[in-house]
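Enquirer: model the structure of this input:
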Amino acid sequence: MIHNPTAGRRRRRHLESVVAAAQALGATVTCRETGRRGDAEDFAALASADDFDAVIAAGGDGTVNEVLNGLGAGQGGLALGVIPLGTANVLACEIGLDPDDVDSVARTVTFGPARRIHVGLANRRRFLLMAGAGLDAHVVAGVSTALKRRAGKLAYVVESLRQAVGYDFPKLTVRADGVEYEARMVVACKGRFYGGPFIAAPDADLATPMLELCILPNTGVAGMLRYGIALPLGKLPALPEVQVVSARNILITGPRGAPVQGDGDIVARLPAEISIADETVDLICP
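Expert: As a prediction, the model looks like this:
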């Protein structure tokens, strides 16, 4: 189990409760605490299938992403599990895991079946849930870690409003399986959910080798407010100007060096090649 010890006392107590419950169920748990960014990836890469059955990422979706990439660099054969301790916990929403239910989380990581899933690549960096460019990537790059700890999801709302006021919404050119689109924000989804329990790509499926591409063309604060209101209402994909298309290979071009977020962390820069990885991952689910 790989986790970040700076996540806060409340989350630390929650994690300790999950570990104790898993051990009571018969699991043998080896804990590794990260000290800096990249440790989770390194620890996962060094984990051996001779010694362990699974690597469990205890943290937010960004921690899961680091562990995912570490498993990709390792010898393979280890399943990936999650103890959700993050702000949005989008993966937990995707697999139907209640982050607050200690017994359910412990039982899942101990006995849960492993589901074979297809992951995405953004400039050769793995992602599990989504990769996006445009305003959302700038928000991810700019949001304060301290504010996230204090305000939770509200931190992203505050940063989105702050960014939207000064952001010039440059044009993004998106080529998806040979077809060209124009966008101001674009998100390539492997899962249905975005930003928490909000559905952005209803047809996305972790188990299928396909991406669902959400193309958002509107600019300005008014456009972002429109999308921001539609998303929690479950109406974003139904907006007339929003396009959701299926694709396996995507090229996004725009301002060179602009950030690309993957699973809630910055994982690449434009131009970005986004595709389905050849390898699959075994994901432990409830």
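
Enquirer: which parts of stretch 22-42 are buried?
Expert: Neighbour-count burial for stretch 22-42, with 16 or more other CB atoms under 10 Å as criterion, is recorded at Ala22, Ala27, Arg32, Thr34, Asp39, Ala40, Glu41, Asp42. Any C-beta I mention is one placed from the backbone N, CA and C, and that applies to glycine too.

Enquirer: pLDDT of that stretch, averaged?
Expert: In this model, stretch 22-42 has a mean pLDDT of 95.

Enquirer: show the end-to-end separation of it, please.
Expert: By CA to CA, to the nearest Å, the extent of stretch 22-42 from end to end equals 24 Å.

Enquirer: do the same with stretch 97-116
Expert: Distance between the boundary residues of stretch 97-116 (CA to CA) amounts to 17 Å.

Enquirer: can you tell me how far Leu68 is from Ala79?
Expert: Taking CB to CB, to the nearest Å as the measure, Leu68 and Ala79 are separated by 12 Å.

Enquirer: in terms of neighbours, single out the busier of those two.
Expert: Neighbour count, other CB atoms under 10 Å: between Leu68 and Ala79, Leu68 has more, with 27 against 21.

Enquirer: hang on, that one packs against Val119?
Expert: Yes: under the contact definition of CB atoms under 8 Å, Leu68 touches Val119, with a separation of 6.7 Å.

Enquirer: between the two, which contacts overlap?
Expert: Between them, Leu68 and Val119 share these contacting residues under CB atoms under 8 Å, 6 or more residues apart in numbering: Arg126, Phe127, Leu128, Val281.

Enquirer: from the residues you listed, pick the one nearest Pro5.
Expert: The shortest distance between Pro5 and any of those, using CB to CB, involves Leu128 and amounts to 23.0 Å.
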